[in-house]
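Q: give me the fold of what follows.
(one chain, ligands or ions: 1)
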Amino acid sequence: MKPSGLRPFWLCALSLLTYLATAGRICSLVAPRAKPIFRPTAVSRVFYRAANILSSLTETTQWPSGSTAPELASDEVHVWAASLCVTPAALEALDATLSPDEKERAGKFKFEKHRNRFIAGRGALREILGEYLKLNPAALCFSYSTNGKPALAGEFASAAIHFNLAHSEDMALVAVTRVGVIGVDVECIRPVKEMDELVARFFSARETVLFQRLHPDEKAAAFFNLWTRKEALLKATGEGITRSLSLVEVSFLPGKPARLLAIAGDASKAAEWAVCELSPATGFVGAVAIKAENLTVQCGRWDHLAGQ
Ligand SMILES: CC(C)(COP(=O)(O)OP(=O)(O)OC[C@H]1O[C@@H](n2cnc3c(N)ncnc32)[C@H](O)[C@@H]1OP(=O)(O)O)[C@@H](O)C(=O)NCCC(=O)NCCS
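A: Below is the predicted model:
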């Protein structure tokens, strides 16, 4: 889409997205421990379990770390948090696993920090999928939907593994499942200027009323609950956030369970989906969404295999 063709509404939407992508304080993920390549750790199989009805993960939860993929049961979702701040040796090794088109994308970033995060994110995605599929990360091929959602392509498509990637600051989340299409989002919780106005403009009337009643201290957490839950759903469908943010209604009050309430005003459509809140590190909030009645999520912290 060319900027000249944008209407003011889309310009506002783009500014909001740009702001959310760049503003705010930097929150760092706990750096992964150095590990020899492909050495499994005992804790890598110890995962926390959470249900969409009662998310047992809290901001203080430390996800256990590992670098081997456990069995992925047919009804499970695994979510890995990976640091995008890696050693130069790890970055070089992750870069070596990228495809020519990914390297070309990496080359287009103006700032080294953003380029390195992209390489580390794609590299982590390849490492994690490679572990589940027992394949060399560099051998994986991706295809892209019209709105840019990546999926396993060619001979790997038959593996029936669905995945999604999200990143914020130095944190990436990779969600993997066999259940079906999946979406994940993560955001660093930070102050956002004119939050009430943004909620009124981009979210539903019901959400706007509830949001405006919140105590000012609760608003940042509530805003990012709203944002991540909606975005996770819109990434699961592959549509993305450019059109339908206000059509996806979610629960968002701090401390209350994550739930999808309606899609385009239809509660029965929302009931076909499950959403779960994620708390990968202090100061970050995330959500994962999947087309299923129930959602069993296991979370871990990915120790990069490459270059450590
Ligand atoms: C997908 C989208 C929601 C991502 O938002 P974001 O907050 O900037 O980024 P996140 O960190 O949550 O996720 C980015 C990752 O999601 C994945 N992704 C990209 N497009 C996606 C889509 N349509 N659906 C699901 N996942 C998508 C990619 O893996 C991407 O990471 P990468 O670029 O490093 O590979 C946003 O870019 C969007 O709405 N895109 C749709 C654009 C569109 O409609 N294009 C049509 C042609 S104009």
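Q: next one: the residue lying closest to Glu293 once chain neighbours are set aside from Asp75, what distance?
A: Counting by CB to CB, 6 or more residues apart in numbering, Glu293 lies nearest to Ala274, which is 6.5 Å off, once chain neighbours are set aside. Every residue, glycine included, has its C-beta placed from N, CA and C. Ala274 sits 11 Å away from Asp75, going by CB to CB, to the nearest Å.
Q: mutual contacts of the two, please.
A: Jointly contacting Ala274 and Asp75 under the rule CB atoms under 8 Å, 6 or more residues apart in numbering are 292, 294.
Q: of those two, which one has the most company?
A: Ala274 (26 against 12; other CB atoms under 10 Å).
Q: so who does that one touch?
A: 52, 260, 289-290, 292-295.
Q: let's have the residues you listed in TSV, adding neighbour count and secondary structure.
A: Formatted as TSV, the contacts of Ala274 follow (neighbours: other CB atoms under 10 Å; DSSP: H, G, I helix; E, B strand; the rest coil):
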residue	neighbour count	secondary structure
Asn52	24	coil
Leu260	23	strand
Ala289	33	strand
Ile290	28	strand
Ala292	18	coil
Glu293	10	coil
Asn294	12	coil
Leu295	25	coil
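Q: of all those, which comes closest to Arg105?
A: Here the nearest of these to Arg105, counting by CB to CB, is Ala289; it sits at 25.3 Å.
Q: would you agree that closest one is in contact with Gly183?
A: Yes - in this structure, Ala289 is within contact of Gly183 by CB atoms under 8 Å, at 4.8 Å.
Q: overlap in contacts of those two?
A: With CB under 8 Å, 6+ apart, Ala289 and Gly183 have common neighbours 232-233, 235-236.
Q: now, which of these sits nearest His162?
A: Ala236 (9.0 Å).
Q: tell me the confidence at the closest one?
A: Ala236 carries a pLDDT score of 98 in this model.
Q: what sits against it?
A: The neighbours of Ala236, taking CB under 8 Å, 6+ apart as the test, are 164, 181-183, 273, 289-291.
Q: repeat for Ala153
A: Contacts of Ala153 (CB under 8 Å, 6+ apart): 141-143.
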